[in-house]
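Participant: Below is the sequence, then the predicted model.
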Amino acid sequence: MIGNALRRHRERREYTQAFVAQWIGVCLKTYWSWEHDKTEPSSSELRRIADFFGLTTVDELYRDMKTEVPACGFRS
């Protein structure tokens with residue numbers, strides 16, 4: 001899911017959810033729901049998010065998720 005990736009990119013830059021939401025052009029509740037995996041951003045919203053975080057592609061948003069270590073401690 002996208003929530004963990006959004007949270008990591010935001011927290012690395014020490015931004016608030018409200019700041020990111022305002023810049024992307026969505027309400028705070030919407031952005032919060034993305035970070036908590038309640039809903040997912042549209043493809044155009046994903047592009048704006050990637051642009052905001054200075055990423056070249058939307059795939060870069062997910063990069064961290066591919067290297068996460070599962071709870072059991074083994075990489076997939």
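Facilitator: Good, I have the coordinates. Numbers count the residues shown, from 1 in each chain.

Participant: give me the low-pLDDT residue ranges for this protein?
Facilitator: With pLDDT under 70 as the threshold, the chain has low-confidence stretches at 64-76.

Participant: How many neighbouring residues does Phe19 have?
Facilitator: Other residues near Phe19 come to 15 when the count uses other CB atoms under 10 Å. (Glycine included, C-beta is placed from N, CA and C.)

Participant: same deal with the one 5 residues further on?
Facilitator: By the criterion of other CB under 10 Å, Ile24 has 17 neighbours.

Participant: Tyr31 is in contact with that one, correct?
Facilitator: Yes - look at Ile24 against Tyr31 with CB atoms under 8 Å: they come within range, at 7.0 Å.

Participant: what comes up buried for the helix or strand where Ser44 lies?
Facilitator: Using DSSP states H and E, the secondary-structure element containing Ser44 is helix 43-52. Along helix 43-52, the positions that meet the burial threshold by neighbour count (16 or more other CB atoms under 10 Å) are Glu45, Leu46, Arg48, Ile49, Ala50, Phe52.

Participant: How much space separates the closest residue to the second one other than its chain neighbours from Phe52?
Facilitator: Using CB to CB, 6 or more residues apart in numbering and skipping residues adjacent in sequence, the residue nearest Leu46 is Val58, 4.7 Å away. Between Val58 and Phe52 the distance, using CB to CB, to the nearest Å, works out to 12 Å.

Participant: Check which residues of stretch 58-65 are buried.
Facilitator: Neighbour counts using 16+ other CB under 10 Å place Val58, Leu61 of stretch 58-65 among the buried residues.

Participant: circling back: any idea how far the residue nearest to Leu46 is from Gln17?
Facilitator: Using CB to CB, Val58 is found at 20 Å from Gln17.

Participant: export the helix holding Ser44 as PDB, just CAs?
Facilitator: What follows is helix 43-52 as a C-alpha-only set of coordinates in PDB (Å, rounded to 0.1, in the frame of the first residue of the first chain):
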ATOM      1  CA  SER A  43      -2.900   8.500 -11.000                       C
ATOM      2  CA  SER A  44      -2.900  12.200 -11.400                       C
ATOM      3  CA  GLU A  45      -2.600  12.700  -7.600                       C
ATOM      4  CA  LEU A  46       0.200  10.300  -7.500                       C
ATOM      5  CA  ARG A  47       2.000  12.300 -10.200                       C
ATOM      6  CA  ARG A  48       1.500  15.500  -8.200                       C
ATOM      7  CA  ILE A  49       2.800  13.700  -5.000                       C
ATOM      8  CA  ALA A  50       5.900  12.500  -6.900                       C
ATOM      9  CA  ASP A  51       6.500  16.000  -8.300                       C
ATOM     10  CA  PHE A  52       6.100  17.500  -4.800                       C
END
